[in-house]
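Q: what follows is a predicted structure for the sequence shown.
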Amino acid sequence: MRSTFDLSGRRALVVGGTSGLGRASALALARAGARTVATGRRSAEVDAVAVEIEAIGVSTFRQSADATDPRSLESLRARVEDEWGGLDILVYAAGRTVKAPTAELDLESWNAVRTVNLEGCLLTCQAFFPLLKESPHARIVTFASLTSTLAFHQVAAYSAAKAGVLSLTKSLGCEWGPLGIRVNAVVPGVFVTDLNRELLEGTPRGQELRMRTPLGRFGQAEELTPAGVFLASDAASFIT
């Protein structure tokens, strides 16, 4: 059973992997044995996570990338192919949110949230499809949200984008499954990250969400990452 979850020799890329659940996921994949790159827009944060990955004892490289820029993703793909010769695991964890009454939500904010969460996911999957379809262990893991299926107050842009991520994940699972690419979404409960900290800590909304959570507390990132490792492993060979 232990070997079923072993990712030794696999090549993993986490886009949006420099903070929050993305960073935790990158470190978990590395601990499971995968060569892992965690990328994001800020080079200092990319370097910081790379140092942590190297300390685990697996190889990595440093390259920042913008998931909303096809040219940036093309450059990253070329680097992955040059360094590793291919890719086995792709995790899309980049995200952005805004809290505002929907009647007052401006189009610029709506587009910004949608672009990072949904279009970035699509562009990233498209960019790395040529490498993944050549891998016998191809996995894509996206991050959806409770808001993918539930309504939350004053986060309509984020909710709509994350509903789109869940739908896109299902579509890719259907289309790319016959090619050997398993595509799955992790749908977290409530985890405090830099993305949502101001909305949750010491607020009435945070208190209500904690009350509605069966364990009576928010999740820790390390409690979510085993799900991603599972979906990236041979244990999930028939899940898409």
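A: Cool, the structure landed.
Q: how close does Arg197 sit to Leu107?
A: Arg197 sits 26 Å away from Leu107, taking Cβ to Cβ, to the nearest Å as the criterion. From N, CA and C alone the C-beta is placed, and that goes for glycine too.
Q: for Val183, helix, strand, or coil?
A: strand (DSSP: H, G, I helix; E, B strand; the rest coil).
Q: ok so, going back, comparing Arg197 and Leu107, which shows the higher neighbour count?
A: A count of neighbours by other Cβ atoms under 10 Å puts Arg197 above the other of Arg197 and Leu107, at 12 against 8.
Q: number of residues surrounding Phe129?
A: By other Cβ under 10 Å, 19 other residues sit near Phe129.
Q: that one touches Trp176, doesn't it?
A: Yes: counting by Cβ atoms under 8 Å, Phe129 does reach Trp176; the two are 7.5 Å apart.
Q: would you quantify the distance from Leu7 to Gly20?
A: For Leu7, the distance to Gly20 - Cβ to Cβ - is 21 Å.
Q: quick one, which of those two is more surrounded?
A: Comparing Leu7 with Gly20 by other Cβ under 10 Å, the one with more neighbours is Leu7, at 25 against 21.
Q: got a list of what the more buried one touches?
A: If you count contacts by Cβ atoms under 8 Å, 6 or more residues apart in numbering, Leu7 has them with 29, 32-34, 89, 229, 232-233.
Q: any quick PyMOL command for the buried ones out of the residues you listed?
A: To isolate the buried members of these in PyMOL, using 16 or more other Cβ atoms under 10 Å:
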select buried, resi 29+32+33+34+89+229+232+233
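Q: please enumerate the strands of this protein.
A: Secondary structure of the chain by DSSP state E: the strands cover 11-15, 35-39, 89-92, 139-143, 182-186.
Q: gap between the last one and the chain center?
A: Taking the mean of its C-alpha atoms, strand 182-186 sits 10 Å from the chain's own mean (Cα atoms, centre = their mean, to the nearest Å).
Q: which non-adjacent residue is nearest the residue minimising distance to the centre of the chain?
A: Geometric centre of the chain, nearest residue: Ala93, 2.1 Å, by Cα atoms, centre = their mean. Nearest residue to Ala93 in three dimensions, chain neighbours excluded: Gly22, at 3.1 Å (Cβ to Cβ, 6 or more residues apart in numbering).
Q: burial count for the one you found?
A: Around Gly22 there are 27 residues (other Cβ under 10 Å).
Q: show me the contacts for it.
A: 14-16, 38, 40, 91, 93-94, 143.
Q: ok, these vs Gly57, which is closest?
A: Using Cβ to Cβ, Ala38 comes nearest to Gly57 of the contacts of Gly22, at 15.5 Å.
Q: can you tell me the closest non-neighbouring residue to Leu87?
A: Distances taken as Cβ to Cβ, 6+ apart put Leu131 closest to Leu87, at 4.2 Å, once the chain neighbours are dropped.
Q: so that neighbour makes contact with Arg77?
A: Yes: under the criterion of Cβ under 8 Å, Leu131 is in contact with Arg77, at a separation of 6.7 Å.
Q: pull the number of nearby residues for the residue nearest to Leu87.
A: Other residues lying near Leu131 total 20 when counted by other Cβ under 10 Å.
Q: for it, give me its contacts.
A: Contact analysis of Leu131 by Cβ under 8 Å, 6+ apart lists 77, 80-81, 86-87.
Q: adding distance to Ile56 and neighbour count, write those residues out as CSV.
A: Output for those, formatted as CSV (distance: Cβ to Cβ, whole Å; neighbours: other Cβ atoms under 10 Å):
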residue, distance to Ile56, neighbour count
Arg77, 24, 19
Val80, 19, 22
Glu81, 23, 14
Gly86, 21, 15
Leu87, 19, 25
